Structure formats: C-alpha cells, structure tokens
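Participant: Here is a sequence with its predicted model. Questions after.
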Amino acid sequence: MDVSTDSVGKLDPQGVSDAAALVQLLRELKQRSGLTLRELEERARARGELLARSTVSDMLRGIRLPAPGTVAAFVRACGAHETDVDAWLEARQRAEEAASARPSGPAPDPDPDIVAGARRTRSRVTALRLGGLTRRARSWVLVGELTTCLVAVAVWALSAVLGAAPPSPAVPPDVNTAARDSLRGFAEIRPARTPQLCLTEGRDTQGAYLNAVAAQLPCEEARPPHTYLRPVEPSAATTSYFIEWQHPQHGWGCLTVRREGPGKDLLEPWPSRSCDAHRAYQHFRIEPAATTDGRYRLRLEGTQRCVGLRGDSTEKGADAMVEPCGKAADQEFLIRSAA
C-alpha cells in the first residue's frame, strides 16, 4: 500500500513539548497513514528496520517512551519525508526531558486497532521476554533505550575505563603511524588557549537548549564520557571522524551539529544508532591549524564551518559551536592520545 506524504507531511512535531503531546501526534500520524499495525511492521521490514507491532502498540498507548530508532522507523513506515525524521527525533528528546522533570499526563484512550494488536502479540512478546531476547539497557537522557547491541558497546566502553581499549580500526600500511595514533582512538581535545580544559559534556550557557552539549571544562572533570575519534572510512589514509562520547553506563553516541531550533549550531551527542556515514553534520575533518604546528581545527565535513567556542570565550563551561572557519584562536585545538 502506497502512502501519500502530503497528509503526513503537514504534521509539525516542533510543537511537541511532552510525552502526551508526542503520543497524540504519533497516533494522528498513524491515522493519516491509514495503515494497520501489521502493515507498518511489514513496511519497516522492507526497509530493513525492526518495528514490532507490540512495540508500536505500547508506544501509541503511552505505556513507555519509545526508543529513538522506533520513532524513526515508525514515521518512515507511516510515509513521512526522510527530511522530517530528525524533527521527530528532536520531539522525542523533548518529551523525554519533560518526563524526567515531571510526571507525564494521562495518555489518550487507545483506538481499537492498537488494542487488538496488543492482544494478538501479547503471548509472543511474553515468550520472547522470558527467553531473554528483549534485554535492554538505559542510556543517557538524550538517547533513551539502548538495544542489546548497544549494551555490548557500553560494556566495551566500561572496559576502557578499566584500562582496556577496543581494537584499533584497520589502517593501510602507508599511513603515518604517529598521525594515526594521535588522531584515532581514545583522545583528549583541549582548546589550545586553555589547555587545562577539555571538550566534554556541558550545558548551553544561554539556557536555550537543555540537553547535553559539548563544552570546555577542567580535564580532571571531563571523564566520563570518554572521547573516542573514529574514522568515518577506517580504511582511508585521510578521512573525516566521528567524535564519539563513550560512557560506562550510558553507552556511546556521536557529536552532532544541531541545525535548527533552540541551540542551533551547538554540538550534542546522538545515540549510536543515529550515527551514520551519510550524515555529514556528524563528520569532522581534523586539519592542521594554519598558525602553529601541533594545533588542529575541526572542520564540519563539506563546509567552511569549524568548531569554536561561543563568544570566543576562555571561561570554564563555555559551549562549543560551529562557526565560519578562520584564523581565530578559539578554533585551534590540541589533540592528545588518551589510550
């Protein structure tokens, strides 16, 4: 069944501020699509995504806040434009943030299709849960539920805290070893002007955006999360990088440039399932700074925008953001191995 994007595209998730509003809008999206829970599951499967009817039923009944991957798969299956997926993910993040601050309001009564779907799948889901096949872990307030594969990554990150690092990505033998070791793996990113500070988890100093963002803080306060530089194309001699944050409890995510709304141009961690080799706004070129040897600038892939500090600040807690590339000192960083 083909779904027109004309009707579903008119829904605006920008107005979502809590879980109840998110559930209501997701239900309206399903209603406009005209699809049953089974059809949504099949459409997601055709895209290579998992969207169990039981999960959708729980989501639309307001039983639990859905994981980011579930929201993305659901809105795609309903026929929303791919360009709108990020807005839905941001709406989900706002709902999670509101839920952590105060109790959610009562969810709307479910429609008959949702109730029927829950009844049909209850016994199958119970068997899966008893079999231990739906094990989950909690993540950052940003990332929601993590799948079993992310639990493995979280354990991997915990091993880093205990001194064991993950295997290094494969690199061609002609790549300079010193450059490879300094720019790949666990690292510290320090503003060159204030080398006692490190880029780590902070908050928007203007208070416009409440989720975690990258900021400069004393290095002794910077872990966790642990910063990990992962090449987007591991086999390439020169490549852009994901700037990952790995946490022993919350798993890992990659710094992503906010492109609109509150906190525009700030860097926030997105869950690992949303880190993609095709999302250039998550990729950073590490380039030698023009002024001094041993210093680097972080340029957003495919742009002339670089990471700097808001207001050219040297103060503790100043947030990082992307701005036009130049020779400003706040765009120069020291990158040191932290293996």
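Facilitator: Ah, there it is.
Participant: what about E90, which SS state?
Facilitator: What DSSP: H, G, I helix; E, B strand; the rest coil gives for E90 is helix.
Participant: element containing the closest residue to it other than its chain neighbours, please.
Facilitator: The shortest distance from E90 to any non-neighbouring residue, by Cβ to Cβ, 6 or more residues apart in numbering, is to G261 (6.7 Å). From N, CA and C alone the C-beta is placed, and that goes for glycine too. Of the helices and strands defined by DSSP states H and E, none includes G261.
Participant: dump the residue contacts of G261.
Facilitator: Applying Cβ atoms under 8 Å, 6 or more residues apart in numbering, one finds that G261 lies in contact with Q14, E90, Y209.
Participant: Drop the exposed ones from those and show what's left.
Facilitator: For those, a burial check counting by 16 or more other Cβ atoms under 10 Å picks out E90, Y209.
Participant: where's L29 relative to A329, distance?
Facilitator: Separation of L29 from A329 (Cβ to Cβ, to the nearest Å): 47 Å.
Participant: Equivalent analysis for A99, please.
Facilitator: 41 Å.
Participant: What of L26?
Facilitator: 46 Å.
Participant: What of R94?
Facilitator: Distance from R94 to A329, by Cβ to Cβ: 35 Å.
Participant: Likewise for R61?
Facilitator: Distance, R61 to A329, using Cβ to Cβ: 54 Å.
Participant: How about H283?
Facilitator: 24 Å.
Participant: can you list the domains in the chain?
Facilitator: Domain segmentation of the chain under automatic domain parsing yields 5-134, 145-337.
Participant: With mean pLDDT as added columns, please give these in a markdown table.
Facilitator: Formatted as a markdown table, the domains of the chain follow (pLDDT from 0 to 100):
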| stretch | mean pLDDT |
| --- | --- |
| domain 5-134 | 75 |
| domain 145-337 | 81 |
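Participant: element containing A320, please.
Facilitator: Using DSSP H and E, A320 maps to strand 320-324.
Participant: Regarding P269, what is its secondary structure?
Facilitator: Per three-state DSSP, P269 ends up strand.
Participant: the strands in the protein, which residues?
Facilitator: Taking DSSP state E to define them, one finds strands in the chain at 137-138, 145-146, 185-191, 197-202, 213-218, 226-231, 241-247, 251-257, 267-271, 284-288, 296-300, 305-309, 320-324, 333-337.
Participant: for those strands, which one sits closest to G48?
Facilitator: Evaluated over those, closeness to G48 peaks at strand 267-271, with 18.0 Å, by Cβ to Cβ.
Participant: how close does D84 sit to L334?
Facilitator: 39 Å.
Participant: Likewise for R53?
Facilitator: Distance of R53 to L334, computed by Cβ to Cβ: 51 Å.
Participant: higher neighbour count, those two?
Facilitator: R53 (23 against 16; other Cβ atoms under 10 Å).
Participant: wait, isn't the more buried one in contact with E41?
Facilitator: Yes - using Cβ atoms under 8 Å, R53 is in contact with E41, at 5.2 Å.
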